[in-house]
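**Student:** could you look at this predicted model? Sequence included:
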Amino acid sequence: MNPFDERILTTPCLSDSSASTREERKLRKVFEDTYVAVTGGAGFLGFHLCKKLLELGANVKIYDNLSTGNSKNIDDLTQKKLEFIRGDVRDLGALENCVKNCEFIFHLAAQSSVPYSMIHPTEDFEVNARGTLNVLESARKKGARIVFTSTSAVYGNAEKTPTPEDHPTQPISFYGLSKCVAEDYCRFYHKNYGVEVVVLRIFNAYGLRGHGVIPDFLSKLKRIPHKLEVLGTGEQSRDFIHASDVVRAFVLCAQSQKADGEVYNVGSGTTISVTALAKMIIALLNLRGVTKLFFTGGQAWAGDAKLTHADISKIIGDLNWRPLLKLKDGIENLLSQKRDTGQSQRSCRCE
Ligand SMILES: NC(=O)c1ccc[n+]([C@@H]2O[C@H](COP(=O)([O-])OP(=O)(O)OC[C@H]3O[C@@H](n4cnc5c(N)ncnc54)[C@H](O)[C@@H]3O)[C@@H](O)[C@H]2O)c1
């Protein structure tokens, strides 16, 4: 048996509902009637974050150029208290105008694809590094607090797993590199201008309206149930985290003084090989004995890391954040939501 296959390491999940009600009440106090900007709000994670912020009573401004985002995501949000500004993070003037009365900026807009970055490194740099510099500059002028969305790709092929935040960054893709540069700008603005900024290194997020390997498998299996092509050897292993857990990390760290100037991993604290993931999905779809796996072999694509596995002890200790949804439950949840909404995944340039 492939040693990666059964590698599902678990972290205890928080299931105390009175604690989550208390958390919700506290967050409502912070966000109700405040103005917040969400760059990249028309994207996958942006949609889920905006939905949460609107539920908490915030006035939400989405700033997005719709390059990979979807205007349907904006249409599907409650429109009262929501404003959409079509703009580019490379346009400092328009960005400053958007964030001028905002207390918080959640900066998610990005060129978010590893393979695309390997073909378009200049565009990747302009959007991810310069775009973040522009967000920092507007926050400095307007006194807003930033949550910056970084990525596990900054670690590249980490020597230590689970990987803690103080592990050296050694990206193996332009995407990881541009996010590293953006993180450095965040540190610089925090240290030299006192800009309040929290950096979240998100691992593999999944959920409704998402992209990546999980929706890729689901749509392939929907088309052809008896055959599933896996890119690479299938031994590559990923730390998957549900979008709802990522959103909780966003809002918790935005309101925490302790988080100011900090970097946090946001993952499940578990890892699973892509082959084991494929088998899990096949079982959940009742396709065991029906679907055969095929592997393309080698590296799935340029810049793809072999293994990601977050050490999440820092965010647990500082913010009492824990993932609530285990992978199997999250995928079951996704399948039933898809059945209910009849939603198909977006076609995407990326993993
Ligand atoms: N989804 C994940 O697994 C994951 C993992 C790690 C980090 N992240 C980071 O989280 C953030 C959100 O990721 P996502 O999965 O929702 O990606 P996404 O591609 O769905 O969303 C990105 C959004 O940014 C917008 N955008 C792109 N370039 C822009 C520009 N120049 N100006 C304005 N808007 C622009 C897009 O139109 C899109 O709506 C990104 O910063 C990404 O790098 C995501």
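**Tutor:** Looks like it arrived, so ask away.
**Student:** for the stretch 1-150 of the chain, what spans make up the strands?
**Tutor:** Assigned by DSSP state E, counting those that start in this stretch, the stretch 1-150 of the chain shows strands spanning 35-39, 59-64, 82-86, 104-107, 145-151.
**Student:** I should have written the stretch 251-351 of the chain there, sorry.
**Tutor:** According to DSSP E, counting those that start in this stretch, the strands that the stretch 251-351 of the chain contains are 263-266, 272-273, 292-295.
**Student:** CSV please, covering the strands of the stretch 1-150 of the chain and showing mean pLDDT, mean neighbour count and distance to the ligand.
**Tutor:** (Glycine included, C-beta is placed from N, CA and C.) Below are these laid out as CSV (pLDDT from 0 to 100; neighbours: other C-beta atoms under 10 Å; distance: least, C-beta to the nearest ligand atom, whole Å):
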stretch, mean pLDDT, mean neighbour count, distance to the ligand
strand 35-39, 98, 27, 6
strand 59-64, 98, 26, 4
strand 82-86, 98, 16, 9
strand 104-107, 98, 27, 7
strand 145-151, 98, 25, 4
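**Student:** any chance of those strands in JSON lines, plus distance to S219?
**Tutor:** Listed next are the strands of the stretch 1-150 of the chain as JSON lines, based on distance: least, C-beta to C-beta, whole Å:
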{"stretch": "strand 35-39", "distance to S219": "27"}
{"stretch": "strand 59-64", "distance to S219": "24"}
{"stretch": "strand 82-86", "distance to S219": "28"}
{"stretch": "strand 104-107", "distance to S219": "28"}
{"stretch": "strand 145-151", "distance to S219": "23"}
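**Student:** how about the residues of the stretch 51-200 of the chain by the ligand?
**Tutor:** 64-69, 88-90, 108-112, 127, 131, 149, 151 (C-beta under 6 Å from any ligand atom).
**Student:** which of those count as buried?
**Tutor:** Neighbour-count burial (16 or more other C-beta atoms under 10 Å) applied to these gives 64-65, 67-69, 88-90, 108-112, 127, 131, 149, 151.
**Student:** closest to A42 out of the strands of the stretch 251-351 of the chain?
**Tutor:** With C-beta to C-beta, the closest approach to A42 among the strands of the stretch 251-351 of the chain belongs to strand 263-266: 20.9 Å.
**Student:** send me that closest one as PDB with only the CA atoms.
**Tutor:** This file holds the C-alpha atoms of strand 263-266, laid out as PDB (Å, rounded to 0.1, in the frame of the first residue of the first chain):
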ATOM      1  CA  VAL A 263       1.200  35.500  10.800                       C
ATOM      2  CA  TYR A 264      -1.100  32.500  11.200                       C
ATOM      3  CA  ASN A 265      -1.500  29.200   9.300                       C
ATOM      4  CA  VAL A 266      -5.100  28.400   8.500                       C
END
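**Student:** ok, the residue lying closest to Y155 once chain neighbours are set aside to Q236 distance?
**Tutor:** Distances taken as C-beta to C-beta, 6 or more residues apart in numbering place T163 nearest to Y155, at 5.3 Å, with adjacent residues excluded. Using C-beta to C-beta, to the nearest Å, we find T163 at a distance of 15 Å from Q236.
**Student:** end to end, how far does stretch 141-152 reach?
**Tutor:** Using C-alpha to C-alpha, to the nearest Å, one end of stretch 141-152 lies 30 Å from the other.
**Student:** out of the strands of the stretch 251-351 of the chain, which is closest to the ligand?
**Tutor:** Among those, the nearest to the ligand by C-beta to the nearest ligand atom is strand 263-266 (8.4 Å).
**Student:** which residues sit against that closest one?
**Tutor:** For strand 263-266, contacts defined as C-beta atoms under 8 Å, 6 or more residues apart in numbering pick out 150, 152, 163-165, 183, 198-203, 241, 245-246, 249, 253, 310-312, 314-315, 318-319, 321.
**Student:** repeat that for stretch 246-254.
**Tutor:** Contacts of stretch 246-254 with the rest of the structure, by C-beta under 8 Å, 6+ apart, involve 23, 27, 30-31, 45, 48-49, 51-53, 56, 104, 106, 145, 147, 198, 200, 202, 205, 259, 262, 264, 266, 315, 319-321, 324.
**Student:** same deal with stretch 95-110?
**Tutor:** With contact meaning C-beta under 8 Å, 6+ apart, stretch 95-110 is reached by 34-41, 43, 45-46, 49, 61, 63-65, 85, 87, 89, 127-128, 131-132, 134-135, 137-139, 141-142, 144-149, 179, 250, 254.
**Student:** could you check how far the residue sitting furthest away from the middle of the chain is from K227?
**Tutor:** Largest separation from the mean C-alpha position in the chain: G289, at 33.4 Å (C-alpha atoms, centre = their mean). For G289, the distance to K227 equals 13 Å [C-beta to C-beta].
**Student:** which ones are touching W321?
**Tutor:** Counted by C-beta under 8 Å, 6+ apart, W321 has contacts R248, A249, L252, C253, V266, I315.
**Student:** next one: the second one from the ligand, what distance?
**Tutor:** Pointing back at A249 there. Going from A249 to the ligand by C-beta to the nearest ligand atom, to the nearest Å gives 11 Å.
**Student:** burial of that residue, as a residue count?
**Tutor:** 25 (other C-beta atoms under 10 Å).
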